[in-house]
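1. got a predicted structure here, sequence first:
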Amino acid sequence: MPNEKDKTKIPLCRSDFLQDVTISLGRRSLKSIRKSNQLTFEVSEECIEGKSLERLDVEAESWSEGLTRIVLWEDAVSYMYSHEVKHPTPDRPAIEIQANLAGMSPEDVAALIRATLTDPVQAKGEWHRWISRQVRSSE
């Protein structure tokens, strides 16, 4: 787990899926994304339906007051949320998507994360492709 003082580094994960995603994410520099966003990463454990699952949170707060959060669990279920904090506009509405990325390669998941952090509105279409897949029940 990352040092509490430095959540800006891509963390090490224990689960195979999240570990492969973070390795793929780290293979290319995040420098251009970091120029326009304050990036934070966090790994934690969460009990879902009686099962402990590793969870990776990626959050980007843009200098223009936008916020994008991506949560990935080790079972490939994901959640993406993005909105403009101070100046929401009709062409940049809040986005909230829960999707199952099972079947997507770690490299493609990392590419989706990068695209989302760069422009969540533009990446929304790719997220929608994965919405119809079964997501764990909320019971």
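-> Looks like it arrived, so ask away.
2. ok, residue 42 touching residue 9?
-> No - between residue 42 and residue 9 there is no contact under C-beta atoms under 8 Å: 10.7 Å. To be clear about C-beta, it is placed using only N, CA and C from the backbone, and glycine gets the same treatment.
3. give me the residues contacting stretch 40-60.
-> Stretch 40-60 is contacted from outside by 1-2, 7-15, 18, 21-22, 33, 37-39, 61, 66-75, 113, 117, 136-137, 139, using C-beta atoms under 8 Å, 6 or more residues apart in numbering.
4. next step: these restricted to helices.
-> Judged by DSSP state H, the contacts of stretch 40-60 include 18, 21, 22, 33, 113, 117 as members of helices.
5. residue 129: which of the residues you listed is nearest?
-> Closest approach to residue 129 among these (C-beta to C-beta): residue 113, at 15.0 Å.
6. just give the number of residues close to the closest one.
-> By other C-beta atoms under 10 Å, the residues close to residue 113 number 25.
7. all further residue positions should be reported with the first residue as 24.
-> I'll keep to 24 as the first residue from here, and by that count the last item is residue 136.
8. residue 45 contacts residue 36, correct?
-> Yes - Residue 45 is within contact range of residue 36, at 5.5 Å (criterion: C-beta under 8 Å).
9. what about residue 65 and residue 32, which has more around it?
-> Legend: neighbour count by other C-beta under 10 Å for residue 65 and residue 32, higher for residue 65 (15 against 12).
10. for residue 82, see how far away the more buried one is.
-> Distance of residue 65 to residue 82, given as C-beta to C-beta, to the nearest Å: 8 Å.
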